[in-house]
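Build the 3D model from these lines:
(2 chains)
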Protein chains: 2
Amino acid sequence: MTEPIAMIAVDWGTTNRRAWALGVTGNVVDERGDGEGLLAVKPGGFAKSFADFAAPWLAGERTLSVLMCGMVGSKMGWVEVPYIAAPADLANLGRKLHPVPFAGKARIAIVPGVSCEHKGVPDVMRGEECQVLAVLAERKLKEACLLLPGTHSKWVQVRRGQLASFRTYMTGELYNALTSSGTLAQLMEKGEADGDAFLKGVERAREEGAGALSHLLFGVRTQGLFARLPRASLASYLSGLLIGTEMKDALAWTGARQIIAVGSPGLLENY
Amino acid sequence: MTEPIAMIAVDWGTTNRRAWALGVTGNVVDERGDGEGLLAVKPGGFAKSFADFAAPWLAGERTLSVLMCGMVGSKMGWVEVPYIAAPADLANLGRKLHPVPFAGKARIAIVPGVSCEHKGVPDVMRGEECQVLAVLAERKLKEACLLLPGTHSKWVQVRRGQLASFRTYMTGELYNALTSSGTLAQLMEKGEADGDAFLKGVERAREEGAGALSHLLFGVRTQGLFARLPRASLASYLSGLLIGTEMKDALAWTGARQIIAVGSPGLLENY
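Predicted structure coming up:
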């Protein structure tokens, strides 16, 4: 490490945990990650789990500030932190930090998640609000539409510097469910991603009057039955249908002409 | 048995098999069923499986006509019978029967399924065409829209006595997948069907601009997280969302003002 550690940032999710040690100038001086997400932590074991994980960084004299975000603040997490209701002023998130008692050399606080409502039905995020804040700060934006793809994709509308509203799509989870069992999975063979089949799926989903998703999904089966697509390409077609229906709905919802996509290149490529 | 058997009708599906022995006047004189669907039959074992199943009926002197419908005519079935393309004249289905060689005292034929296309993507049915034919014959109808709910619901448009077109929805399969594993299933508790929660789901799905199904599904989670619905009612809400999106799409597609629903009372109640 070239620089002494000034603070630690942690993204602690359901299945994974990543952390960065930052120097006084904000540079990342070290980082680490493991699979000890919420599901792997024993009840009451969060303090010990974090102490072990961050031990190399907490060995110094100074007491470090630690900021955590993600599902660690959920009912299943270390401490349940109430959501902030949108429209949420992200610049003021710092005032809403939730302190967590910790015996070691760290002052730990969890960043609250954000909630919004669509016609009486709540929607929630935990962790993504920090990614949104980072993008807004880095690009000095006050108006934007952001897309954060994943198991639960988020489309986020930012207005006047506030996180105004957002929508979650269970696109990745549906993909995992439909490719792991059931009549569609039975037809599928493993294969490389097929870009053409993916685009066919996207186009089918975006056609006018194409139909409800549960109807479009049956097309994965028939494309296989009639050998219109090789079995190894059916998963790509399915992915196209799911992402296509998500995009059709989300683009109509935001009305935005420009979307900032945030995520790893592999995930973003399909959007 | 009050009357000698004149013919046998069999609906042989993927997981179940049902059969009816008919007298000369068309009355059902006996019926039987078991769980020996396609998945339970050994490769090459269809003839033996049927001979055992129908043995009590085939014991007489006469050679009986046997009509089979359902997935028994699929690639996984006894013999693969090509689909008839819609628009299909159901009254002429009898001319397209596919004979199956059989050593016992039965002349067996399989009724072909029907296929149609939606913008280049095929849709298929096997077995439901016979249910449609029965309803049309019984009610002397030439114009109708029929709904046959199930794991794969079918909406069928009949025009001038022909099976003009249809749409399949994987509604039941999605329900099974989402209630058996994943983040929604984790939140659910077993309970009686909750009619109010079901209707909430239907209404949410049918609202203008409600969003793509993968977005609506996340609402099952948040309704649970925010205790807007008891955990034992989340499955009913999910069912409402799935059936609601199906109905919204199918009603717009058919434009029909009257729908004839065909199925068991338990299945039909929700529609």
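
buried sites along the lengthiest helix in chain A?
In chain A, assigned by DSSP state H, the helix with the most residues is helix A:234-254. Neighbour counts over helix A:234-254 (16 or more other Cβ atoms under 10 Å in any protein chain shown) mark A:234-251, A:253-254 as buried. Just so you know, the C-beta spots here come from the backbone N, C-alpha and C atoms, and that holds for glycine as well.

Next secondary structure element downstream of that helix?
Where DSSP states H and E defines the elements, the next helix or strand beyond helix A:234-254 is strand A:260-261.

what does that following strand contact?
Strand A:260-261 has contacts (Cβ atoms under 8 Å, 6 or more residues apart in numbering or on different chains) with A:135, A:139, A:144-149, A:268, A:271.

show me the contacts for A:Lys105.
Going by Cβ under 8 Å, 6+ apart, A:Lys105 touches A:58, A:60-64.

Turn those residues into a markdown table, columns for secondary structure.
Formatted as a markdown table, the contacts of A:Lys105 follow (DSSP: H, G, I helix; E, B strand; the rest coil):
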| residue | secondary structure |
| --- | --- |
| A:Leu58 | coil |
| A:Gly60 | coil |
| A:Glu61 | coil |
| A:Arg62 | coil |
| A:Thr63 | coil |
| A:Leu64 | strand |
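
Whichever of the residues you listed end up buried, select them in PyMOL.
What follows is the PyMOL syntax for the buried subset of the contacts of A:Lys105, where burial is set by 16+ other Cβ under 10 Å:
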select buried, chain A and resi 58+64
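
so A:Gln258 touches A:Cys145, yeah?
Yes: in this structure, A:Gln258 is within contact of A:Cys145 by Cβ atoms under 8 Å, at 7.0 Å.

With neighbour numbers in mind, choose between those two.
The neighbour count for A:Gln258 versus A:Cys145, taken as other Cβ atoms under 10 Å in any protein chain shown, is higher for A:Cys145 (22 against 8).

is it true that the more buried one touches A:Trp155?
Yes: the pair A:Cys145 / A:Trp155 is scored as a contact, 6.9 Å apart, by Cβ under 8 Å.

shared neighbours of these two, anything?
Common contacts of A:Cys145 and A:Trp155, defined by Cβ under 8 Å, 6+ apart, comprise A:Thr254.

From chain B, how far out is the most centrally placed residue in chain A?
With distances taken as Cα atoms, centre = their mean, A:Gly150 lies nearest the centre of chain A, 5.3 Å away. Per Cβ to the nearest Cβ, to the nearest Å, A:Gly150 is found 12 Å from chain B.

residues contacting that residue?
A:172, A:263, A:267.

could you redo the last one with a cut-off of 6 Å?
For A:Gly150, the contact set (Cβ atoms under 6 Å, 6 or more residues apart in numbering or on different chains) comprises A:Gly172.

now A:Ile5
Contact analysis of A:Ile5 by Cβ under 6 Å, 6+ apart lists A:21, A:57.

okay, the spatially closest residue to A:Asp34 that is not a sequence neighbour: pLDDT?
With sequence-adjacent residues excluded and distances taken as Cβ to Cβ, 6 or more residues apart in numbering or on different chains, A:Asp34 is closest to A:Arg17, at 5.7 Å. If you check A:Arg17, the pLDDT there is 96.

Next one: A:Arg17 from A:Lys105, what distance?
A:Arg17 sits at a distance of 19 Å from A:Lys105 (criterion: Cβ to Cβ, to the nearest Å).

re the thing from before, chain B next: which of the buried residues of helix A:234-254 are close?
For chain B, the contacts drawn from the buried residues of helix A:234-254 by Cβ under 6 Å from any Cβ of the partner chain are A:245-246, A:249.

for the residues you listed, which one is nearest chain B?
Nearest to chain B among those: A:Asp249, at 3.7 Å, using Cβ to the nearest Cβ.

Please name the residues that touch the closest one.
Contact analysis of A:Asp249 by Cβ under 6 Å, 6+ apart lists B:211-212.

Next, the closest residue to A:Met76 other than its chain neighbours: phi, psi?
In space, A:Met76 comes closest to A:Leu38 once its chain neighbours are excluded; the distance is 5.1 Å by Cβ to Cβ, 6+ apart. Main-chain dihedrals, A:Leu38, degrees, to the nearest 10: phi -50, psi -40.

For A:Leu38, the count of nearby residues, please.
Other residues near A:Leu38 number 21, with proximity taken as other Cβ under 10 Å.

pLDDT at it, what is it?
pLDDT for A:Leu38: 93.

Verify the stated contact: it with A:Ser74.
No: A:Leu38 lies out of contact with A:Ser74 (Cβ atoms under 6 Å); the separation is 7.5 Å.

Intersect the contacts of A:Lys105 with the contacts of chain B.
Applying Cβ under 6 Å from any Cβ, the subset of the contacts of A:Lys105 adjacent to chain B is empty.

For chain A, which residues score under the pLDDT cut-off?
A:1-2 (pLDDT under 70).

Got the phi and psi for the most far-flung residue of it relative to its centre?
Distance from the centre of chain A peaks at A:Phe226, with 36.5 Å (Cα atoms, centre = their mean). Main-chain dihedrals, A:Phe226, degrees, to the nearest 10: phi -90, psi 10.
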